[in-house]
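**Student:** below is the structure, and that's it, no one-letter string:
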């Protein structure tokens, strides 16, 4: 028998979201965030995992999920600790097949293994969460390779954060041969660059990878990576 996952605890203040994030979304989703959301919509539209069930890990209120995305699946399970985010996500027009479960798959080194065992027929989408929560052991790439090798999954996540404005704001697909410095140089040209490393670069270890800068607030940018294993 597979051990059960520990329960998620309700959290209104959380590294991957919370009240501050909701206020930012209300203020910026039609302005600073609009271009980033269009890129995420393209990534998700091109992701065809071949499963009719989806598990959303850390979706927050789904601010970045394009309209109609949830309706692509026969069943959607969301694992989200923020009660306000759950309320907001459940009010989406495409949320008719959505249900919530209080399972915490990110808290321990065996969490992803238990997630795979609990939902063996589902695709899994990590919705900008892995770059916010540190890996409980090793790193997220190692844990994903160890526990989700046989399961389709996708993730978009912060790679670095910085206060310096990038010169290139266009989305870019890369084959994974660049190291982190070379990847950053494609967006920030010359000069010094001080970053906070989210330890998610080339998540899962197999390309291709896609990138786009995201101006989350005035004076603060993230480089977001997309990768999938369909």
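**Tutor:** Received it, and whenever you're ready, just let me know what you need. Computed from a prediction, not measured in an experiment: that's the story for all the values here. Numbers count the residues shown, from 1 in each chain.

**Student:** any idea where the helices of the chain begin and end?
**Tutor:** Ranges of helices in the chain, per DSSP state H, are 19-28, 34-46, 83-90, 111-118, 140-147, 180-185.

**Student:** closest one to residue 55 among those?
**Tutor:** Minimum separation from residue 55 across the helices of the chain (CB to CB) falls at helix 111-118, 7.1 Å. In this view, the C-beta of every residue, glycine as well, is placed from N, C-alpha and C.

**Student:** residue 176 and residue 27: what is the separation?
**Tutor:** Relative to residue 27, residue 176 is positioned 35 Å away (criterion: CB to CB, to the nearest Å).

**Student:** same check on residue 174?
**Tutor:** 31 Å.

**Student:** those two: which is more packed in?
**Tutor:** A count of neighbours by other CB atoms under 10 Å puts residue 174 above the other of residue 174 and residue 27, at 16 against 12.

**Student:** skipping adjacent residues, who's closest to the more buried one in space?
**Tutor:** With sequence-adjacent residues excluded and distances taken as CB to CB, 6 or more residues apart in numbering, residue 174 is closest to residue 209, at 5.5 Å.

**Student:** residues in contact with the one you found?
**Tutor:** 173-174, 176, 202-203, 225-227 (CB atoms under 8 Å, 6 or more residues apart in numbering).

**Student:** circling back: tabulate the helices of the chain (CSV), appending distance to residue 130.
**Tutor:** Output for the helices of the chain, formatted as CSV (distance: least, CB to CB, whole Å):
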stretch, distance to residue 130
helix 19-28, 16
helix 34-46, 15
helix 83-90, 17
helix 111-118, 10
helix 140-147, 5
helix 180-185, 16
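
**Student:** mind listing what residue 146 touches?
**Tutor:** Contacts for residue 146 (CB under 8 Å, 6+ apart) come out as 112-113.

**Student:** any idea how far residue 117 is from it?
**Tutor:** 13 Å.

**Student:** also residue 73?
**Tutor:** Separation of residue 73 from residue 117 (CB to CB): 20 Å.

**Student:** and if you look at residue 173?
**Tutor:** 33 Å.

**Student:** so which of those two has more stuff around it?
**Tutor:** residue 117 (15 against 10).
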